[in-house]
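Undergrad: Based on what follows, work out the 3D shape:
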Amino acid sequence: MCNDDLKQLAQHAKLENYGVQEFVLTENITSTQFFIVTDGIAEQRHEITVKKNQQTVTYRLTAGEFFGFSGMVSNENRGENVRAITDLTVIAITIEAIRKMLQKNPQLADCLESVVHARSASS
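TA: Model prediction:
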């Protein structure tokens, strides 16, 4: 990613703050943003089906980790809840800006997908 790409992303990004137990994403609302944690801890929960049984998968997100990728790919929220465990600061980037960047750099999409799969496997 070059400096021009970073500058363009920065134009579509903003810092958001959340208090303890406040939801950033809920399963009922489709997000229009991709989030990167800059400070604090968040908890990501989503439902998966394993052998016809619903299970809740929980993952802790800390500085440098991201969420909101599944909604970006599918244009829908897949039952993902993310809430602040501590005071939380995130960078929120519009999904459209991220999509444009991924079109220029498909390897980045592969990288993001591999992180999402690794989280699912470790839960």
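Undergrad: going forward, measure contacts between C-alpha atoms and count neighbours the same way
TA: Noted.
Undergrad: for the chain, what are the low-confidence residue spans?
TA: 1-3, 5-6, 48-50, 70-79, 115-123 (pLDDT under 70).
Undergrad: for it, what spans make up the strands?
TA: With DSSP state E as the criterion, the chain has strands at 13-18, 23-25, 33-39, 42-50, 53-61, 66-67, 80-84, 88-94.
Undergrad: Against which helices or strands is the third one packed?
TA: If contacts are counted by 3 or more C-alpha pairs under 8 Å, 6 or more residues apart in numbering; DSSP states H and E, strand 33-39 sits against strand 66-67, helix 69-74, strand 88-94, helix 95-104.
Undergrad: is it possible to export the strands of the chain to CSV including distance to residue 110?
TA: Converted to CSV, those look like this (distance: least, C-alpha to C-alpha, whole Å):
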stretch, distance to residue 110
strand 13-18, 22
strand 23-25, 23
strand 33-39, 16
strand 42-50, 21
strand 53-61, 20
strand 66-67, 14
strand 80-84, 21
strand 88-94, 19
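Undergrad: Any chance of those strands in TSV with distance to residue 7 and mean neighbour count as columns?
TA: Shown next, in TSV, are the strands of the chain (distance: least, C-alpha to C-alpha, whole Å; neighbours: other C-alpha atoms under 10 Å):
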stretch	distance to residue 7	mean neighbour count
strand 13-18	10	15
strand 23-25	25	20
strand 33-39	16	21
strand 42-50	27	17
strand 53-61	25	14
strand 66-67	19	20
strand 80-84	27	22
strand 88-94	12	21
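Undergrad: Compare those and give me the one nearest residue 103.
TA: With C-alpha to C-alpha as the criterion, residue 103 lies closest to strand 88-94 of the strands of the chain, at 14.7 Å.
Undergrad: So which other helices or strands are in contact with the closest one?
TA: Packing partners of strand 88-94 (3+ C-alpha pairs under 8 Å, 6+ apart): strand 13-18, strand 33-39.
Undergrad: Give the full set of residues in contact with the closest residue in space to residue 69 that isn't next to it in sequence.
TA: Leaving aside its sequence neighbours, residue 69 sits nearest to residue 34 (C-alpha to C-alpha, 6 or more residues apart in numbering; 6.3 Å). Listed by C-alpha atoms under 8 Å, 6 or more residues apart in numbering, the contact set of residue 34 reads 66-69, 72, 92-95, 98.
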